[in-house]
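Undergrad: Test case, fold it:
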Amino acid sequence: QVQLVQSGGGLVQPGGSLTLSCAASGFTLGDYAIGWFRQAPGKEREGVSCISSIDGSTYDADSVKGRFTISRDKAKNTVYLQMNSLKPEDTAVYYCASGGPYGATCSADYYGRAYWGKGALVTVSS
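TA: Below you'll find the predicted structure:
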């Protein structure tokens with residue numbers, strides 16, 4: 001069965017850190033591009049960080065550059081999103097996606113035919 005199982009998320013204070021995990025089953029993550037997306041209440045789903053399967057290049061949204069890092073553990077078939085220096089505006093439901101596209105484009109539309117995790121709520125608040 002093909003699926004992406006997310007873990008992590010929760011409540012963290014501003015300036016804190018959190019790591020999200022996304023484990024794939026039924027396919028090899030490295031064969032496809034991988035992306036992390038988020039959706040805040042009343043807003044569209046936006047690309048946060050993505051990795052191309054073509055050349056390994058990464059894309060980070062301007063809002064998270066220098067704070068978030070996407071990485072992949074091939075042995076565990078798992079992708080991570082390390083989030084540091086979290087801000088209240090990072091509060092959102094975070095999703096991982098893969099199994100569809102190959103390039104570094106990091107938009108929800110580009111991942112329209114991909115598999116998606118169920119999402120993990122990240123709340124940044126004091």
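
Undergrad: What distance do you get for Glu20 to Val124?
TA: One correction, residue 20 is Leu, not Glu. As defined by CB to CB, to the nearest Å, Leu20 lies at a distance of 13 Å from Val124. (Glycine included, C-beta is placed from N, CA and C.)

Undergrad: neighbour-wise, which of those two wins?
TA: Shown here are Leu20 and Val124; by other CB atoms under 10 Å, Leu20 has more neighbours (25 against 19).

Undergrad: Show me the beta-bridge partners of Gln82.
TA: Thr19, Thr69 (DSSP bridges).

Undergrad: How many residues are close by Thr58?
TA: Neighbourhood size, Thr58 [other CB under 10 Å]: 15.

Undergrad: ugh, typo on my part, it should be Gly10
TA: Gly10 has 10 nearby residues by other CB under 10 Å.

Undergrad: My reading is that Cys50 lies in a helix. Confirm?
TA: No: under DSSP: H, G, I helix; E, B strand; the rest coil, Cys50 sits outside any helix and is assigned strand.

Undergrad: Might you report the residue contacts of it?
TA: By CB atoms under 8 Å, 6 or more residues apart in numbering, Cys50 lies in contact with 33-36, 58-59, 70, 104-106.
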